[in-house]
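Undergrad: using only what follows, build the 3D model:
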Amino acid sequence: EANLVESGGGMVQPGGSLTLSCAASGFTFSEYALQWVRQAPGKGPEWVSGIAASGNTPYYADSVRGRFTISRDNVKNTMTLEMNNLKLEDTATYYCARGAPLAVPPRKYWGQGTQVTVSS
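TA: Have a look, this model is predicted:
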């Protein structure tokens, strides 16, 4: 059974940094593109960033480009999202997910999420 587990969330002040991690199991990791999706309270899910199966091609939403960096390790079956210069509007639950880039994958392909709170 495919499983994705996120970690690394927390509370930071505006301008701070966090690095999220996603550990995968139960599927052939290197064959799938992966995404980060976030959902703020009362709002729909928002696609944040994605990376091709090979790891060579990253994708970013305009709202995070230049501040977030996505990467993956196809040996360790992990993906990370380095988040810098965090803003209040980055507050959300962050999910890693399998699926094609530039879109929110179906909910069944998401992990359980990790909370990121940006607050002064």
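
Undergrad: can you give me the helices in the chain?
TA: Under the criterion DSSP state H, the chain carries no helices.

Undergrad: the spatially most central residue of it and Ile51, how far apart?
TA: For the chain, the residue whose C-alpha lies nearest the mean C-alpha position (CA atoms, centre = their mean) is Trp36; its distance is 2.7 Å. Remark: distance between Trp36 and Ile51 (CB to CB, to the nearest Å) = 9 Å. For every residue, glycine as well, the C-beta is placed using N, CA and C.

Undergrad: any shared contact partners between the two?
TA: Ile70, Met79 (CB atoms under 8 Å, 6 or more residues apart in numbering).

Undergrad: ok, the residue nearest to the centre of the chain touching Ile70?
TA: Yes - with contact defined as CB atoms under 8 Å, Trp36 reaches Ile70; the gap is 6.7 Å.

Undergrad: joint contacts of those two?
TA: With contacts taken as CB under 8 Å, 6+ apart, Trp36 and Ile70 have Ser49, Gly50, Met79, Leu81 as neighbours in common.

Undergrad: so Glu46 makes contact with Val37?
TA: Yes - taking contacts as CB under 8 Å, Glu46 lies within contact range of Val37: 6.8 Å.

Undergrad: who's more crowded, the two?
TA: Neighbours were tallied for Glu46 and for Val37 using other CB atoms under 10 Å; the higher tally belongs to Val37 (25 against 15).

Undergrad: what residues are up against that one?
TA: Contacts of Val37 by CB under 8 Å, 6+ apart are Pro45, Glu46, Trp47, Val48, Tyr94, Tyr95, Cys96, Ala97, Val104, Pro105, Trp110.

Undergrad: what's the burial count for the fourth one?
TA: By other CB under 10 Å, 24 other residues sit near Val48.

Undergrad: read off the pLDDT value for it.
TA: Note on Val48: pLDDT of 97.

Undergrad: residues in contact with the nearest residue to it once chain neighbours are set aside?
TA: Spatial nearest neighbour of Val48, chain neighbours left out: Trp36 (4.4 Å); criterion: CB to CB, 6 or more residues apart in numbering. With contact set as CB under 8 Å, 6+ apart, Trp36 has these partners: 20, 22, 47-50, 70, 79, 81, 94-97.
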